[in-house]
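*Asks:* When you get a sec, could you give me coordinates for this:
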Amino acid sequence: MPIIHQIKEEFTEIITWEVSENTEALENFVNLTPPRLAKYRSLPPKQAREYLGIRACLKQLNADYDVLYTPNGKPYLPSERHISITHSYDLVSVGLSHFPIGIDIEKKRDKKILNIEKKFIRKDENAWMPRNHQLTDYLHVVWGVKEGLYKINGGNLWNFLHHYWVERFDIKDETLFCWISDKKKSKKYLAKFKKIKEYYLVWVVDYL
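*Replies:* Numbering: from 1, shown residues only. From the prediction side, this is the model:
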């Protein structure tokens, strides 16, 4: 089975799956119920493969639930655990936690991240960013953190420059603190990240 990474913490577990099997093998592994099979068959090919990858991750996480969605698109389970889902190319990651969680996985693409840097890096973040060969690693992590904050916040259309910010961190530590802020309040979150092949996996959990 193509599980390429698994994170197990006290309250949180994340599976990253490479959807590289042929479709028949995936279908046999996840063994879709009739309603899930109908949903799967209604999807375009790329989304259908991602759906099988999500079902495979949930099976490995012993969470064989239907994924439900709030009106603004935030996934949830009929369970006490919170869920977050992300995918990039052939990788699918599913995170479950006893606390609210937001995860993001992105393929490291240096040219693209440099092109959009000004759209998500604040001036106070730019002040401590290393202007050397590690810059794109920091940018990918910060982007992933803000995607995680966006998801944990329920997908509200907040601005990455004004409402989400990341405290200074060291890329070697693989952990950091970050914030969601508006005019009325600020809330602090713990985030962690891991380099998986040429991808960055980031997860934000509301432990604090």
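
*Asks:* only C-alpha atoms for contact and neighbour calcs from this point on.
*Replies:* Noted.

*Asks:* Name the single longest helix found in this structure.
*Replies:* The longest helix of the chain (DSSP state H) is helix 135-152.

*Asks:* Contacts for it next, please.
*Replies:* With C-alpha atoms under 8 Å, 6 or more residues apart in numbering as the test, helix 135-152 has contacts from 74, 84, 100-106, 108, 110, 113-114, 117, 120-121, 129, 156-158, 160, 164-166, 171, 178, 180, 191, 193, 200-205.

*Asks:* In ChimeraX, how would I select the buried members of the residues you listed?
*Replies:* Paste this into ChimeraX to select the buried members of the contacts of helix 135-152, with burial taken from 16 or more other C-alpha atoms under 10 Å:
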select :74,84,100,101,102,103,104,105,106,108,113,120,121,129,160,164,165,166,178,180,191,193,200,201,202,203,204,205
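
*Asks:* and residue 190, what are its bridge partners?
*Replies:* residue 177, residue 205 (DSSP bridges).

*Asks:* Please verify my assumption that it contacts residue 208.
*Replies:* Yes. Using C-alpha atoms under 8 Å, residue 190 makes contact with residue 208 at a distance of 7.1 Å.

*Asks:* So between those two, which is more surrounded?
*Replies:* Taking neighbours as other C-alpha atoms under 10 Å, residue 190 and residue 208 compare with residue 190 leading, 16 against 8.

*Asks:* Counting only strands, which of the contacts of helix 135-152 make the cut?
*Replies:* Mapping these onto strands (DSSP state E) picks out 84, 101-106, 164-166, 178, 180, 191, 193, 200-205.

*Asks:* can you tell me how far the spatially most distant residue from the centre of the chain sits from residue 40?
*Replies:* Distance to the chain centre peaks in the chain at residue 34, reaching 28.3 Å (criterion: C-alpha atoms, centre = their mean). For residue 34, the distance to residue 40 (C-alpha to C-alpha, to the nearest Å) stands at 10 Å.
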